[in-house]
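> Structure for the following, please:
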Amino acid sequence: MSTPSRLADDLGGALGALVGGTLGYYTFGLLVRQGFYAMMIPGALLGLGCSLAARDASKARGVACAVAALALGIFAEWRFFPFNADASLGYFLAHLGDLRGLTMLMIAAGAGFAYWLGRDGGRGRFGPGG
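Residues are numbered from 1 along each chain as shown. Down below sits the predicted model:
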């Protein structure tokens, strides 16, 4: 793949990840308001958006999606479930180890889904000719 084509593919994947992550964040918020806890959704939709918007597979893109999904999962957890002692992001980040094990597991699983989905392009897992 030529450099301009690879750049266009990566930019398309990044845009898809942005759209998918945004959709995942708001879907998570909607589900929280309905009484459900679906922390894997933001990361999984971020990876899915990247995969659908990119043409070719890229493990590096999958890693970038996993890192972004980890950050998005932490951000979403903080926005919807801040600590009672201090609702600031700095306090939340300093006390990540105080989160429940299930919460950390679900954030990590969302990042895992983001990697798994984000590493494949549209011609990979979700399209013909992969």
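> Can you name the element that comes right after the helix or strand Ala76 falls within?
Using DSSP states H and E, Ala76 sits within helix 59-80. For helix 59-80, the following helix or strand on the C-terminal side (DSSP H and E) is helix 89-94.
> so is the nearest residue to Ala53 once chain neighbours are set aside in a helix, a strand, or just coil?
Nearest-residue entry for Ala53: Gly16, 2.5 Å, with adjacent residues in sequence omitted and distances by CB to CB, 6 or more residues apart in numbering. (Each C-beta comes from the backbone N, C-alpha and C, glycine too.) Counting by DSSP: H, G, I helix; E, B strand; the rest coil, the backbone at Gly16 sits in helix.
> distance of Gly16 from His95?
Distance check for Gly16 against His95: by CB to CB, to the nearest Å, it reads 33 Å.
> Which one's more surrounded, those two?
Taking neighbours as other CB atoms under 10 Å, Gly16 and His95 compare with Gly16 leading, 23 against 12.
> any low-confidence regions in this structure?
When residues are selected by pLDDT under 70, those of the chain lie in 1-2, 122-130.
> Having no further points to raise, I will conclude here.
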